[in-house]
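1. Requesting a structural model of the entry that follows:
(one chain, ligands or ions: 1)
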Amino acid sequence: MTQSSQAPLPLVVLISGSGSNLQAIMDACADGRINAAVKAVISNRAGAFGLQRAEQAGIPTHVVEHNRFADRQAFDQALAERIDRYRPGLVVLAGFMRILTAAFVNHYRGRMLNIHPSLLPNFQGLNTHQRALQAGAKQHGVSVHFVTPELDGGPVANRATVDIQPGDDAKTLARRILEQEHRIYPETIGWFAAGRLKLVDDQAILDGKPVAQLDKTYP
Ligand code: GAR
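-> The predicted model follows:
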């Protein structure tokens, strides 16, 4: 158990699918590895399996379906209204597959993280494993970053690298990378909860030092 006199950091986690990262985060909270607590899970898809995971853990869930709203702005407003009821110290995007408006992102500036399955700034967007293989990358990985209005473009706070092996396909790569996701996402949230990680100006700062950002290797 982590000994801490501080109240656990309240988290709201946004998902769209399986929620395996959500599970890793809930587990880390439950066994005291990180001083945080998931207060609510919100999905934009009613069928997301992650909702069942949250219910199993006794965590309140909400569905805010994007296709019920006229535009992104209306959806984001409804989403923010739901999130803010829980007064989160950190909003965690865990496989949340919607592009968010600048107004929404700026509202949570410095207190919203995303996990993206690539070594950012390489392979922003979708189908990252396939694209890394096609580009002939020797290494691939996963990044946790602060969310800024640029899609998958915010300062990276933590990353894990995976060597691409001969014979890898998108599935085998995804499996190995997901293992790393489940390790580094709780770790990063733990740093934030402990006050070790911050967004200062446009830099991710860990223990008082800027987290090194990578250069783009692939177009
Ligand atoms: C994870 O691989 C995550 O990195 C990715 O979706 C998956 C969600 O899995 N996120 C993105 O691609 C965001 N652009 P999960 O629902 O099992 O956590």
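
2. What segments of the protein are helices?
-> Using DSSP state H, the helices of the chain run over 20-30, 49-56, 72-84, 102-107, 128-134, 170-193.

3. highest average neighbour count across these?
-> Highest mean neighbour count of the helices of the chain: helix 20-30, a mean of 21 (counted as mean count of other CB atoms under 10 Å). Where C-beta positions appear, they are placed from N, C-alpha and C, glycine not excepted.

4. and stretch 119-132, how far apart are its ends?
-> Counting by CA to CA, to the nearest Å, you get 10 Å between the two ends of stretch 119-132.

5. typo on my end, stretch 144-156
-> Stretch 144-156 end-to-end distance (CA to CA) = 6 Å.

6. And for stretch 63-77?
-> End-to-end distance for stretch 63-77: 14 Å, by CA to CA.

7. For Ala37, which non-adjacent residue is spatially closest?
-> Leaving aside its sequence neighbours, Ala37 sits nearest to Pro8 (CB to CB, 6 or more residues apart in numbering; 4.1 Å).

8. Thr148 too?
-> Thr148's closest residue in space is Gly154 (CB to CB, 6+ apart), at 3.8 Å.

9. do the same with Leu79
-> Val64 (5.3 Å).

10. and the gap between that neighbour and the ligand?
-> Val64 sits 17 Å away from the ligand, going by CB to the nearest ligand atom, to the nearest Å.

11. Same question for Asp31.
-> Asp31 is 19 Å from the ligand, by CB to the nearest ligand atom.

12. Turn the helices of the chain into TSV, including mean pLDDT.
-> Shown next, in TSV, are the helices of the chain (pLDDT from 0 to 100):
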stretch	mean pLDDT
helix 20-30	98
helix 49-56	98
helix 72-84	98
helix 102-107	98
helix 128-134	98
helix 170-193	98
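
13. Tell me how many other residues surround whatever residue of the chain ends up closest to the ligand.
-> Nearest to the ligand, among the residues of the chain, is Gly95, at 2.6 Å (CB to the nearest ligand atom). Gly95 sits with 21 neighbouring residues when counted by other CB atoms under 10 Å.

14. ok, it touching Ile25?
-> No: in this structure, Gly95 is not within contact of Ile25 by CB atoms under 8 Å, at 11.3 Å.

15. got a pLDDT number for Pro219?
-> Looking at Pro219, its pLDDT is 85.
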